[in-house]
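Chemist: the following comprises the amino acid sequence and a computationally predicted model.
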Amino acid sequence: MLKFLKKYWWIGLIGSLFMVGEVLIDLIQPKMMAQIVDEGILKGNEGLVWSVGIRMILVVFLGGCCGILSGVFVNICSQHFGNDLRKALFHRIMNFSFEQIDDFTVGSLITRTTSDVTQVQNMVSQLIRGAVRCMMFFIAGSSFLLSLNVAFSRVLMFTLPIILLEIAFVVWKSGPLFTLLQKRLDRVNSVIGENVASERVVKAFVQEKSEIEKFRQSNRDLADSRFQVQLLISWMRPVMNIVLNTATVTIIYIGGMEVEARRMEIGSLMAAITYLSQILSGMMMMAMIFQTITLGVASSKRIKEVLASVPVIQDGKEGNIEKRGGSIEFKNVSFTYPGHHHEVLKDISFTVAPGQTLAIIGATGSGKSTLVSLIPRFYDVTEGRVLVDGEDVKNFTLHELRDRISFALQKSEMFSGSIEHNIMIGNPEATEDEMISAAKVAQAHEFILCQPDSYDTPVAEAGMSLSGGQKQRIAISRALLRPAEILILDDSTSALDLGTEARLFKALRGDYEKMTKIIIAQRIATVMRADRIAVMDKGRIVGMGTHKELMNSCDVYREIYDSQLRKGGAKV
């Protein structure tokens, strides 16, 4: 955390110095008031009352200026610190593998990037400003108080240990409670995120009551944690008020005795009461600050967990690897998802030549999507090697590797913005003509022109305003716009009708013939015109060849063909 604060230490230092000035000015005022009472009012010296009073007004104004400037500099420091910390967190999360995101959960990562960073920001602000103020009130205030009468030291010796013990107890008990509080906030955020993202499924299956109950339980747990924290804190102020009032009465008693014995003036007694109030108020403020610090420490630990997590997928050591057309080769590849024991892929070997189209077909759960996710290194192989352009994918930097690959995923993700924005994500440098050309190949151009504002039509969050087929065509347009050597379509035409799909693949063969293509599909009509077809079953390739070859040699392929095209299925 200190490395993020180091850059702005001088801003925090200036803020602290202004705070020291404000506190010293606050401590001067009781002595000036004592002078007005003892030497002015009691002695009838009206001139002194006016002169000291005017100086006191100027001093108060100066103290206010110091307070304002202190607040400005401390806020600049804490805001820049929080901004840098949040950026570092987001950058680290962007480099996480899917496995690491699953381990933390999306809801927890959102909480850590927002709420936890805010808590740490508040802690830094309180340490720079509040802690300095409290310590100055305690040290300088005690010195001013004892300068009036050493007898007052007995009051400090009685009150300070009680307050310090109380603060220590609250800090000790509240640490675990604050950690639990943030975890339960994670859970609430996760439940909200899941239900907002899956709103249509929840409504379609009439699960509103179940999900509301799930949220109610999570929210109740969060409320219970907050209640426990507030219960612990709630008795602090009454105890401190009792101590403060007892100390004040004691000061008045001791001071009254001193005034009666003519060893102290009335104005000095008034100053002593003010100093004691400032000292003990500072200690009360310190108790509040320790709450912020305890919560900030709990949050900082959660942030450090993210920052300390080294991305599982690391850049390779080689760069600027020569492009050779986009060949792909799998050599004896096996894969098991982290934390599981079941092999999803088993001894996979095949080669795709530059410009060739490989289709992959198989039952749901046979490992098709997992296989292609190994090419851009969304996951690393457990055994074997994956090569692109003859080079192991682990030797590429991630940016260089993924820059050669264009992906249209199984789930067509849409971003808030216009249709044009969603397509241009594939290549922000592309021209409007290139964008329209990609949309035409993807069979998206005609439906986009029918939208209210054509390509400028806003897309609702998560693409809720578009149909499944429209989202898939926009996602394919985005993939085609990217100047890549390899195109992977991961079941990304499943929502298209056969006619639209046929026109899309015909356009692909004509306009993108040099691009190496891997097409995952469930429908036999989608794959049968590919250069080669890989048939997957239970994590293995059980057939490889053209449609005609597989009809003669692969039982699994024939079963799929018969189920879809011979026994009442669609005709090709």
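Modeler: Yes, it's here. Numbers count the residues shown, from 1 in each chain.
Chemist: break the protein down into its structural domains.
Modeler: For the chain, automatic domain parsing gives the domain ranges 2-307, 328-566.
Chemist: export these to CSV and tack on mean neighbour count?
Modeler: Quick note: C-beta positions are derived from backbone N, CA and C, even for glycine. Output for the domains of the chain, formatted as CSV (neighbours: other C-beta atoms under 10 Å):
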stretch, mean neighbour count
domain 2-307, 17
domain 328-566, 18
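Chemist: okay if I get those as JSON lines plus distance to residue 320?
Modeler: What follows is these, written out as JSON lines (distance: least, C-beta to C-beta, whole Å):
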{"stretch": "domain 2-307", "distance to residue 320": "21"}
{"stretch": "domain 328-566", "distance to residue 320": "7"}
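Chemist: which of these has the lowest average pLDDT?
Modeler: For these, mean pLDDT drops lowest on domain 2-307, to a mean of 82.
Chemist: span of that domain from start to end?
Modeler: End-to-end distance of domain 2-307 (C-alpha to C-alpha, to the nearest Å): 13 Å.
Chemist: thinking again about what came up before, out of the domains of the chain, which gets nearest to residue 317?
Modeler: Proximity to residue 317 (C-beta to C-beta) singles out domain 328-566 among these, at 6.8 Å.
Chemist: gap between the closest one and the chain center?
Modeler: Its chain's C-alpha centre and that of domain 328-566 lie 30 Å apart, by C-alpha atoms, centre = their mean, to the nearest Å.
Chemist: is it correct that residue 85 is in contact with residue 118?
Modeler: No - in this structure, residue 85 is not within contact of residue 118 by C-beta atoms under 8 Å, at 10.2 Å.
Chemist: how near is the spatially most central residue of the chain to residue 13?
Modeler: The centroid of the chain falls nearest to residue 113 when counting by C-alpha atoms, centre = their mean (2.9 Å). Separation of residue 113 from residue 13 (C-beta to C-beta, to the nearest Å): 28 Å.
Chemist: check residue 456 too.
Modeler: Applying C-beta to C-beta to residue 456 and residue 13 gives a distance of 50 Å.
Chemist: for residue 345, same thing?
Modeler: 57 Å.
Chemist: how about residue 403?
Modeler: 44 Å.
Chemist: just residue 470 next, same as before
Modeler: To residue 13, residue 470 is 57 Å away according to C-beta to C-beta.
Chemist: can you give me the offset of the helix or strand residue 33 falls within from its chain's centre?
Modeler: Assigned by DSSP states H and E, residue 33 belongs to helix 9-35. Centroid separation for helix 9-35 versus its chain: 38 Å, with C-alpha atoms, centre = their mean.
Chemist: moving C-terminal of the helix or strand hosting residue 291, what's the next helix or strand?
Modeler: Element membership for residue 291, per DSSP H and E: helix 266-307. As assigned by DSSP H and E, the chain's next helix or strand after helix 266-307 is strand 328-336.
Chemist: mind checking the end-to-end distance for stretch 452-465?
Modeler: Start-to-end, stretch 452-465 (C-alpha to C-alpha) is 12 Å.
Chemist: with respect to residue 322, which of the domains of the chain lies nearest?
Modeler: domain 328-566 (7.0 Å).
Chemist: picking that back up, next, the angle from the helix holding residue 33 to helix 266-307.
Modeler: Relative orientation of helix 9-35 and helix 266-307, computed by axes from the mean of the first three to the mean of the last three C-alpha atoms, to 10 degrees: 160 degrees.
Chemist: how about the strands in the stretch 151-300 of the chain?
Modeler: With DSSP state E, counting those that start in this stretch as the criterion, the stretch 151-300 of the chain has no strands.
Chemist: now do the helices in it.
Modeler: Using DSSP state H, counting those that start in this stretch, the helices of the stretch 151-300 of the chain run over 153-197, 199-204, 208-234, 236-260, 266-307.
Chemist: how about a markdown table for the ones you listed, with distance to residue 375 added?
Modeler: As requested, these are arranged in a markdown table below (distance: least, C-beta to C-beta, whole Å):
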| stretch | distance to residue 375 |
| --- | --- |
| helix 153-197 | 27 |
| helix 199-204 | 30 |
| helix 208-234 | 37 |
| helix 236-260 | 59 |
| helix 266-307 | 28 |
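Chemist: just checking, what packs against the helix holding residue 291?
Modeler: helix 9-35, helix 46-94, helix 117-125, helix 131-148, helix 153-197, helix 236-260 (3 or more C-beta pairs under 8 Å, 6 or more residues apart in numbering; DSSP states H and E).
Chemist: what's the closest of the ones you listed to residue 277?
Modeler: With C-beta to C-beta, the closest approach to residue 277 among those belongs to helix 236-260: 6.9 Å.
Chemist: who are the packing partners of that closest one?
Modeler: helix 153-197, helix 266-307.
Chemist: quick one: the longest one to helix 266-307, angle?
Modeler: Just to be clear, that refers to helix 153-197. Using the same axes, to 10 degrees: helix 153-197 against helix 266-307 is 30 degrees.
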